[in-house]
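Engineer: Make a model of this:
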Amino acid sequence: MDKIEIAPTSTTPKISFRPEEGYFEISGKSLPENSFEFYKPLLDFMEAYAESPINSTSLVFKLQYFNTSSTSHFLRMIKKFEKISADGRVAVVHWYYDEDDEDMKEAGEDFRVLSKLPIEIISAQLD
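Structural biologist: Got it, this is the predicted structure:
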């Protein structure tokens, strides 16, 4: 499986999906005009990866801001990782938030409640 690297724009996040390392990162701002069009290929990629994942996989969110339409796509990604975990492999989610951004911290906590996976919420200095 090839990796996916997408540079950020003013409305879309940086994407770094490296399946050979079991590393999937979304960072920056997620405000795509058509979130379905932006996230559908990424969700399809994750679905294909989930069919034959390596033993340990990480999903990393380092977001500064995201719109409501991005929320459902993030939840779908987390649910795909639940499938990996259910198959007996390690799947973890790391939710980074800027140390001064309580809203982003609460968003991570909301995802934690909706997920069967452990979601580590980490305060950090985000660019």
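Engineer: Tell me the buried residues in stretch 16-36?
Structural biologist: 16-17, 19, 22-32, 35 (16 or more other CB atoms under 10 Å). In short, each C-beta sits where N, CA and C put it, glycine included.
Engineer: quick check: mean pLDDT across the longest helix seen in the chain?
Structural biologist: In the chain, taking DSSP state H as the definition, the longest helix is helix 68-86. Helix 68-86 shows an average pLDDT of 93 in the prediction.
Engineer: The next helix or strand after it to helix 68-86, inter-axis angle?
Structural biologist: Sequence order places strand 90-98 as the next helix or strand after helix 68-86, per DSSP states H and E. Angle, strand 90-98 to helix 68-86, by axes from the mean of the first three to the mean of the last three CA atoms, to 10 degrees: 150 degrees.
Engineer: Now do the very next helix or strand once past strand 90-98 and strand 90-98, the angle between them.
Structural biologist: Note on strand 90-98: by DSSP H and E, the next helix or strand toward the C-terminus is helix 102-114. Calculated by the same axes, to 10 degrees, helix 102-114 forms an angle of 160 degrees with strand 90-98.
Engineer: Adjacent strands (with direction) for the following helix or strand past helix 102-114?
Structural biologist: Downstream of helix 102-114, the next assigned helix or strand under DSSP H and E is strand 119-124. Take DSSP bridges as the rule and strand 119-124 pairs in its sheet with strand 90-98 (parallel).
Engineer: What is the distance between the partner strand and the centre of its chain?
Structural biologist: 8 Å (CA atoms, centre = their mean, to the nearest Å).
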